[in-house]
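Participant: Next comes the sequence, and after it the predicted model I'd like to discuss.
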Amino acid sequence: MKILLINNYQQGNETATFEALVSSLAEHEVKIQRYQPGINFDDHNHELVILSGGGGEGSEINDQYSTQKLWYQDQINYVLSSSKPILGICMGFEVIARAYGSRVIDMKDYVTGFKRLTATKTGSEMFNKKSLIQHQNHRFFVKNVSLEHFDVLAESETGIEIIKHKSRPILATQFHPEKGGSLQLNHLLSYI
């Protein structure tokens, strides 16, 4: 599959998580494009766009780069206007949730390591599992999403963990499937 991977880490601040993401996509043809405000998303000839994790060392989901524009506003606009299938991971999840009107809340502390998630009825039917173990590494959470647009597939004690758009090919996870767990990255691609 031809994938455009939008790198949400700031220049020079890629982590082992980003390296794991790139490594887990080794069987695909991947083009990496670093996100900056004003970006022209080079998605032509790509079958899927992945919005990576990021933040923690610079721009977070609620940060602005001018008095009138969010740092991730161009990415939010892309999510709303693109017809491409999109997978959002961690920061990408937050971008997608925010694009559809959700509040993204700062917990002030990081959630890290493997944590238990509970699948919703829809998620349990989709994944054939009621409980999932996934790798977490985030400071923000989403408590509510637009149920007009999304099915919530799993939750944890810190909020919503997986959403799937009801009519568009969009799936997003707060957790990091590239780090292993019950739902690994390449397995999730089949649900988009």
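Facilitator: Structure's in. What do you need?

Participant: residues in contact with the host helix or strand of residue 163?
Facilitator: For residue 163, the host element (DSSP states H and E) is strand 159-165. Applying C-beta atoms under 8 Å, 6 or more residues apart in numbering, the external contacts of strand 159-165 come out as 93, 96-97, 105, 117, 123, 126, 132, 134, 141-145, 149-155, 170-175, 183, 191. Placement of C-beta: from N, CA and C, glycine included.

Participant: What's the ChimeraX syntax to select whichever of those residues are buried?
Facilitator: To isolate the buried ones among those in ChimeraX, judged by 16 or more other C-beta atoms under 10 Å, type:
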select :93,96,97,105,117,123,126,132,134,141,142,145,149,150,151,152,153,154,155,170,171,172,173,174,175,183
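
Participant: Select from the contacts of strand 159-165 every entry located in helices.
Facilitator: Among the contacts of strand 159-165, the members found in helices (DSSP state H) are 93, 96-97, 123, 126.

Participant: Find the least confident helix or strand in this protein, judged by mean pLDDT.
Facilitator: strand 64-66 (a mean of 69; mean pLDDT, DSSP states H and E).

Participant: Check which helices and strands the helix or strand just after that strand sits against.
Facilitator: On the C-terminal side of strand 64-66, the nearest following helix or strand under DSSP H and E is strand 69-70. If you count contacts as 3 or more C-beta pairs under 8 Å, 6 or more residues apart in numbering; DSSP states H and E, strand 69-70 packs onto no helix or strand.

Participant: just how off-centre is the next helix or strand along the chain from strand 69-70 within its chain?
Facilitator: Using DSSP H and E, the helix or strand that follows strand 69-70 in sequence is helix 73-81. Mean-position distance between helix 73-81 and its chain equals 13 Å (C-alpha atoms, centre = their mean, to the nearest Å).

Participant: residues in contact with helix 73-81?
Facilitator: The contact list for helix 73-81, computed with C-beta under 8 Å, 6+ apart, reads 6, 8, 35, 37-39, 41, 51, 70, 86, 88, 95-96, 98-99, 170.

Participant: Cheers, nothing more for now.
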